[in-house]
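> Quick one: sequence and predicted model below, then my questions.
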Protein chains: 2
Amino acid sequence: MLLVKKFGGSSVADPERIVRVASRVKTAVDRGDQVVVVVSAMGDTTDDLIGLARRLTPNPSTREMDMLLSTGEQVSIALVTMALQQIGCAAVSMTGPQAGIRTDGVYGKAQITGINPERMHHELEAGNVVVVAGFQGISESADITTLGRGGSDTTAVAVAASLKADFCEIYTDVDGVYTADPRIVPNVCKLDQISHDEMLELASLGAVVLHPRAVELAKLYGVPLVVRSSFNHNPGTLIKEVGNLEQSAVVTGIAHDTNVAKIGLFDVKDEPGIASRIFRALAAENVNVDMIIQGATRGGRNDIAFTTSRDDLAKALEVVYGIQDLVAAEGVCHAEDLAKVSIVGAGMVSFPGVAAEMFRALAEEGINIEMISTSEIKVSCVIGLKDVERAVRSLHDRFKLHEA
Amino acid sequence: MLLVKKFGGSSVADPERIVRVASRVKTAVDRGDQVVVVVSAMGDTTDDLIGLARRLTPNPSTREMDMLLSTGEQVSIALVTMALQQIGCAAVSMTGPQAGIRTDGVYGKAQITGINPERMHHELEAGNVVVVAGFQGISESADITTLGRGGSDTTAVAVAASLKADFCEIYTDVDGVYTADPRIVPNVCKLDQISHDEMLELASLGAVVLHPRAVELAKLYGVPLVVRSSFNHNPGTLIKEVGNLEQSAVVTGIAHDTNVAKIGLFDVKDEPGIASRIFRALAAENVNVDMIIQGATRGGRNDIAFTTSRDDLAKALEVVYGIQDLVAAEGVCHAEDLAKVSIVGAGMVSFPGVAAEMFRALAEEGINIEMISTSEIKVSCVIGLKDVERAVRSLHDRFKLHEA
């Protein structure tokens, strides 16, 4: 089999852990597998480099930041390769550019535009483990770029797609994907498998074992993903297309996000272009908006509410007060200390009563719902932060996920 | 003017020093110069990276070491560029490969085979300071290589040659090239200029302001080199071809090297191929041999002596004892705690009495000479380590270098 194995920063944080990664890779090689390893920068390296840059300038150029940060993964690939060679496992390291990972020129959050797997193929044929630097690539102008948050996961999936690997394994510090956060729910179950779409919702909703970009890419190219622990040999969770929707669980997992703030605008003038103005202004200030709710119009007036992270609240409020007159809003309100709880399941689409069941479970716990948003495979409710653990537990019970 | 300015690891050891380098570069830019900056890795970075590798393997592959170590300069170029941009100086960083620095494939001590200066030219024309990573290049197989000791000096000279720069300035922690080591001789003079050949001898003889490879390259391509301090604005020492030998000083400077050991073989058989056998065996074990003396033959027997560094003595002795029978040597002796003192001067060639004058000065100090070696522009004597400071001082006096 051809396997791509991705190890994050904490898995290669020091020489001892790097040795552990190497011996894990060797096990697969000894079994006869061809292996490509994708690694992130060691532990806190990236933060340390950012700290150095900040001592020179409050506003470093994005090109130079990428030049700086990409050294982190380069150190990792050299060390992992040395560790492999030390235990008699032929290996060769490759920077993103050497691995043929081409990107657009958007420094700091580049998108992979294509991969030329020629050299990786060549080294694999020659019997080498190929150790690729995650998170980085080369632009058309031959400049070094980085992929931004979740970049190494994305690299791993893209490399797996270009090599038509049998599996892309993402090693992390948990055993796989759970029905809910194990720190909150005592009787969670590890999921043996889950669809790309469900994983995408879970990843977007704060269950951060895997970056949504990587999941999207895996879905697009049909790459079978496995999330598993770098500390044990448990099988982990397989993320792949589920053939038969009927066989899917109605609710697969409960996700939650404790970093939610809400801003509401009352009695906004109800005319075309108002919402666009508000959210264009927020985007211009890089405020990440999550849910947006627009109430039913009554008498030409309208309420608009949206959520953002608590960190962005101050900036968002500034923007909103700045355009309050322009959009003729009668008032602005905001709340922090909110959370979001969501049920996710691909089977939900054929069971219309699921959302109602969720609302009832929350009501029975006396938990007030502030906002609701739904997609085909998830229902999210914004609730008080103080209620979130109770909400997750009661939903986990209600949908019988301990039997998953 | 087009200037190449090289700053070593201690000049960029922390953000404060990097800011100083940037402001120095800006001064030249404000004066209307085009500037290419070549930098080494920050302070102890290289040693730290080597330490990391050693924790994984006693014998890291040279390819992976180059992959690892080249990150050091990449961090430096990004930070120096940020510092320049922060003070309003347009700048762009380039790794060795991006700067078009091609090398052979000898990892760890690659030789530059050519430079494609196209992109550097392009960025200079666009009004940018170009900040190039020293010490590194790219091989024909698109692998990252490093140039080994003195690599950043060599990069600077090679870049200057390829761009036909007006000057290549090497910034260091001393004011320039002195007539002798200022720590030993109180009344040394800084030399305003010196020929490439003289500098080459001085550099090889332990006056380590500049790596001999860089001086050789500068000589080959006629690059005018300047050695100057990164801590003040003194003019430094200009190293260039001296047009008129007659105008050269007889003795330009006194060099010394305190790390010398000697091995002697007595009564070696005098037949062709004996010396070759000895020194091929030493080369095979990577023992660096400096002086070699073969005495006059008497009765078909011969004495051979050579010097090496104290660090290589044990290895050299092992080799020599191993082949003692093969070369039919009657005996082997060795001495450590030796030193070498040398007088260097391009004018020496037209004044045959200079060597005799040197021997007399040493004799008058009661200093015993163990070995002598000469070239057209230098005379070196191996003496006792305990005598070296007195020797340097008396020679400095004897050749009136305080008047230089």
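Right, received. Where do you want to start? Numbering: from 1, shown residues only, chains lettered A, B, ... in the order given.

> So the residue of the stretch 101-250 of chain A found nearest chain B: helix, strand or coil?
Proximity of the stretch 101-250 of chain A to chain B (CB to the nearest CB) peaks at A:A142, 6.3 Å away. Where C-beta positions appear, they are placed from N, C-alpha and C, glycine not excepted. Recorded secondary structure, A:A142: coil (DSSP: H, G, I helix; E, B strand; the rest coil).

> How about it: what's its closest non-neighbour residue?
Closest residue to A:A142 apart from its sequence neighbours, by CB to CB, 6 or more residues apart in numbering or on different chains: B:Q98 at 6.3 Å.

> Now do that neighbour: how many residues are near it, please.
Using other CB atoms under 10 Å in any protein chain shown, B:Q98 has 24 other residues around it.

> from what I can see it touches A:S139, true?
No: contact status for B:Q98 versus A:S139: not in contact, 11.5 Å apart, counting by CB atoms under 8 Å.

> ok, and the closest non-adjacent residue to A:R301?
In space, A:R301 is closest to A:D267, 4.4 Å off (CB to CB, 6+ apart).

> From A:D303, how far out is the one you found?
Per CB to CB, to the nearest Å, A:D267 is found 7 Å from A:D303.

> Name the residue in those two with the higher neighbour count.
Using other CB under 10 Å as the criterion, A:D267 and A:D303 rank with A:D303 on top: 19 against 16.

> Assign that one to helix, strand or coil.
Applying three-state DSSP: A:D303 is strand.

> If I look at it, what pLDDT would I see?
A:D303 carries a pLDDT value of 84.

> Could you do A:V4 as well?
We have a pLDDT of 98 for A:V4.

> So it lies in a strand, does it not?
Yes: using three-state DSSP, the assignment for A:V4 is a strand.

> check contacts around it.
A:35-38, A:156-157, A:159-160, A:163, A:165, A:167-169 (CB atoms under 8 Å, 6 or more residues apart in numbering or on different chains).

> hang on, the earlier thing: the residue nearest to A:R301: what secondary structure?
Criterion first, three-state DSSP; result for A:D267: strand.

> need the contact list for it.
Contact partners of A:D267, counting by CB under 8 Å, 6+ apart, are A:301-303, A:329-331.

> With A:M199 instead?
A:M199 neighbours (CB under 8 Å, 6+ apart): A:177, A:210, A:215, A:225, A:239.

> By neighbours, which of these wins?
Going by other CB under 10 Å, A:I239 tops these with 31 neighbours.

> ok, for that one, nearest residue in space, not its chain neighbours?
Residue nearest to A:I239 in three dimensions, not counting chain neighbours: A:L225, with 4.1 Å by CB to CB, 6+ apart.

> What residues are bridge-paired with the one you found?
A:L225 has these beta-bridge partners by DSSP bridges: A:C168, A:I239.

> Quick check, it in contact with A:G236.
No: applying CB under 8 Å as the test, A:L225 and A:G236 come out as separate, 9.6 Å apart.

> Overlap in contacts, these two.
Applying CB under 8 Å, 6+ apart, one finds that A:L225 and A:G236 are jointly contacted by A:E169.

> returning to that earlier point: what's the pLDDT at the residue of the stretch 101-250 of chain A closest to chain B?
The model reports A:A142 with a pLDDT of 94.

> go on, A:R360?
At A:R360, pLDDT is 91.

> Kindly report the same for the one 3 residues further on.
Here, the pLDDT recorded for A:A363 equals 91.

> what about it, which helix or strand?
Using DSSP states H and E, the element containing A:A363 is helix A:354-364.

> What are the contacting residues of that helix?
Residues contacting helix A:354-364 (CB under 8 Å, 6+ apart): A:250-251, A:341, A:343, A:345, A:348, A:369, A:372, A:374, A:379, A:381, A:383, A:391, A:394-395, A:398-399.

> Quick check: strands, which of those are part of them?
Residues of these located in strands (DSSP state E): A:341, A:343, A:372, A:374, A:379, A:381, A:383.

> and the least confident of those residues?
Within those, pLDDT is lowest for A:T374, at 83.

> give me the number of residues near the residue nearest to that one when sequence neighbours are not counted?
Counting by CB to CB, 6+ apart, A:A355 is the residue found nearest to A:T374 once chain neighbours are left out, at 6.3 Å. Neighbour count of A:A355, defined by other CB under 10 Å: 16.

> Next: A:L68.
27.

> what's the distance between A:F399 and A:T103?
Per CB to CB, A:F399 is found 41 Å from A:T103.

> which of those two has more neighbours?
Taking other CB under 10 Å, A:F399 and A:T103 do not tie; A:T103 has more neighbours (27 against 24).

> Contact partners for that one?
Here A:T103 is in contact with A:110-113, A:137-139, A:145, A:147 (CB under 8 Å, 6+ apart).

> of the residues you listed, closest to A:V289?
Comparing the contacts of A:T103 against A:V289 with CB to CB places A:Q111 closest, at 21.2 Å.

> Whatever residue of the stretch 251-400 of chain A ends up closest to chain B and A:Y178, how far apart?
Across the stretch 251-400 of chain A, the shortest distance to chain B (CB to the nearest CB) belongs to A:N286, at 21.1 Å. Computed as CB to CB, the A:N286 to A:Y178 distance reads 32 Å.

> Those two: who's more crowded?
A:Y178 (22 against 8).

> Do a quick rundown of the helices in chain A.
Ranges of helices within chain A are A:15-30, A:45-54, A:62-86, A:118-125, A:151-163, A:196-204, A:212-221, A:274-284, A:313-323, A:354-364, A:388-398, based on DSSP state H.

> any chance of these in a markdown table, plus distance to B:A22?
Output for those, formatted as a markdown table (distance: least, CB to CB, whole Å):
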| stretch | distance to B:A22 |
| --- | --- |
| helix A:15-30 | 35 |
| helix A:45-54 | 14 |
| helix A:62-86 | 13 |
| helix A:118-125 | 37 |
| helix A:151-163 | 29 |
| helix A:196-204 | 42 |
| helix A:212-221 | 36 |
| helix A:274-284 | 32 |
| helix A:313-323 | 32 |
| helix A:354-364 | 58 |
| helix A:388-398 | 49 |
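
> Could you identify which of those helices has the lowest mean pLDDT?
Lowest mean pLDDT within these: helix A:196-204, a mean of 83.

> give me the number of residues near A:D192?
Counted by other CB under 10 Å, the residues lying close to A:D192 total 12.

> Equivalent analysis for A:V25, please.
The burial count for A:V25: 25, using other CB under 10 Å.

> just for the stretch 101-250 of chain A, where's the confidence low?
The model of the stretch 101-250 of chain A has pLDDT under 70 over residues A:204-208, A:242-248.

> switch to 50 and redo it
Nowhere does the stretch 101-250 of chain A drop to pLDDT under 50.
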